[in-house]
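[1] Need the 3D shape of this:
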Amino acid sequence: MTPFFQVTLRTTDVEGARAFYSALLGGEGLDVVQLHEQAIARGAPAHWLSFLDVGDVDRASAAFHGRGASPLAPKWVNPQGLEAAVMRDPGGAVIALAKPPMGVSEDSMRPTVAWFSLNTHDVESAKKNYGELFGWHFGPARNLGRLGVFHPFAYAPEGLPVGVMAGIEGRAGVHPHWLVHFRVQVLSVSVNAVLASGGVVVDQLTLSTGERIAVCQDPQGAAFALQDQRAY
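    Numbers count the residues shown, from 1 in each chain. As a prediction, the model looks like this:
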């Protein structure tokens, strides 16, 4: 099983972003860092970075690179023992292949992430790469009309879905990226909090199953989603 276990906001305004998300999601476990000047020079916007527990970072990075992924920086280890390599996957989305410190797992992730969505130009290639390399399993695709066709994935056979992959063809302004969905108690209240704090609500969705989602941007331009029920 290869799960996500951490999300980190890399932003151009650490203090402003921390205040925004603390008011929206609470400050517990909130990890906000300065977006590196080299990334800014390359045109990288503020973004949420998801960390995938691959166990052996060197081996997983080499295998991912062999499938067309590109390293964006040398592997690093922080003082807490987190080991990570940030890469651009073969479809262009940024992700961190990592080994968490002792005692850290997906169950301890804060703030609480409800869902991970990969937006990509080539869903079938993404399914093949992530499925074969990380052992993920895919359920039946679901056609959601104007939202496109979603491909749910789970970390293990018969496991609960933890996210989806979706194509971005015909979705103007959407680039390849992993979108993090944060769980909130009442979506309407959280949407008002986003707007009151200078964020943007890009879209609000109600799926046929009743799940409600708001796709947003924070004041620095980082994309994220809010969700008041578990998707699927």
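[2] only C-alpha atoms for contact and neighbour calcs from this point on.
    Noted.
[3] how about the helices in the protein?
    Along the chain, counting by DSSP state H, helices occupy 14-25, 37-41, 57-66, 123-134, 187-196.
[4] The shortest one: how far from the chain's middle?
    Mean-position distance between helix 37-41 and its chain equals 20 Å (CA atoms, centre = their mean, to the nearest Å).
[5] State the mean pLDDT of it.
    Mean pLDDT, taken over the full extent of helix 37-41, equals 87.
[6] just stretch 221-231 next, same as before
    Stretch 221-231 comes out at a mean pLDDT of 84.
[7] ok, residues contacting that stretch?
    Stretch 221-231 is touched from outside by 11, 45-48, 114-115, 179-187, 190, 211-218, with contacts defined as CA atoms under 8 Å, 6 or more residues apart in numbering.
[8] that older thread, I'd like to know which of the helices of the chain lies nearest to Lys99.
    Closest approach to Lys99 among those is made by helix 57-66 (6.5 Å; CA to CA).
[9] Can you redo the helices of the chain as TSV, where the extra columns are distance to Arg171 and mean neighbour count?
    Below are the helices of the chain laid out as TSV (distance: least, CA to CA, whole Å; neighbours: other CA atoms under 10 Å):
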stretch	distance to Arg171	mean neighbour count
helix 14-25	27	17
helix 37-41	25	11
helix 57-66	27	16
helix 123-134	14	16
helix 187-196	23	16
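[10] returning to that earlier point: which of the contacts of stretch 221-231 count as buried?
    Buried subset of these (neighbour count, 16 or more other CA atoms under 10 Å): 11, 45-48, 114-115, 179-184, 187, 190, 212-218.
[11] Which of the helices of the chain sits closest to Ala172?
    Ala172 lies closest, by CA to CA, to one member of those: helix 123-134, at 17.1 Å.
[12] Residues contacting the closest one, please?
    The contact list for helix 123-134, computed with CA under 8 Å, 6+ apart, reads 1-2, 54, 60, 63-64, 67, 90-91, 120, 136-138, 165-167.
[13] least confident pick among the residues you listed?
    The lowest pLDDT within the contacts of helix 123-134 belongs to Met1, which sits at 70.
[14] Isn't that residue up against Pro157?
    No. At 9.5 Å, Met1 does not count as touching Pro157 under the criterion of CA atoms under 8 Å.
[15] before we move on, back to that, sort out for me which of the buried ones among the contacts of stretch 221-231 are in strands.
    Counting by DSSP state E, those place 11, 47-48, 114-115, 179-183, 212-217 in strands.
[16] Which pair of those residues spans the longest distance?
    Thr11 and Arg212 (26.7 Å).
[17] Could you pull up the residues touching Pro152?
    138-141, 161-165.
[18] With adjacent residues omitted, what lies nearest to it?
    Val164 (4.1 Å; CA to CA, 6 or more residues apart in numbering).
[19] What distance do you get for that neighbour to Ala19?
    In this view, Val164 and Ala19 are 29 Å apart by CA to CA, to the nearest Å.
[20] same question, Glu124
    For Glu124, the distance to Ala19 equals 39 Å [CA to CA].
[21] what do you get for Ala63?
    For Ala63 relative to Ala19 (CA to CA), the value is 38 Å.
[22] Could you do Gly103 as well?
    Using CA to CA, one gets 28 Å for the distance from Gly103 to Ala19.
[23] The residue nearest to Pro152 reaches Ser117, doesn't it?
    Yes. Val164 is within contact range of Ser117, at 4.9 Å (criterion: CA under 8 Å).
[24] what stretches of the protein score poorly on pLDDT?
    In the predicted model, the chain carries pLDDT under 70 at residues 107-108, 208, 229-232.
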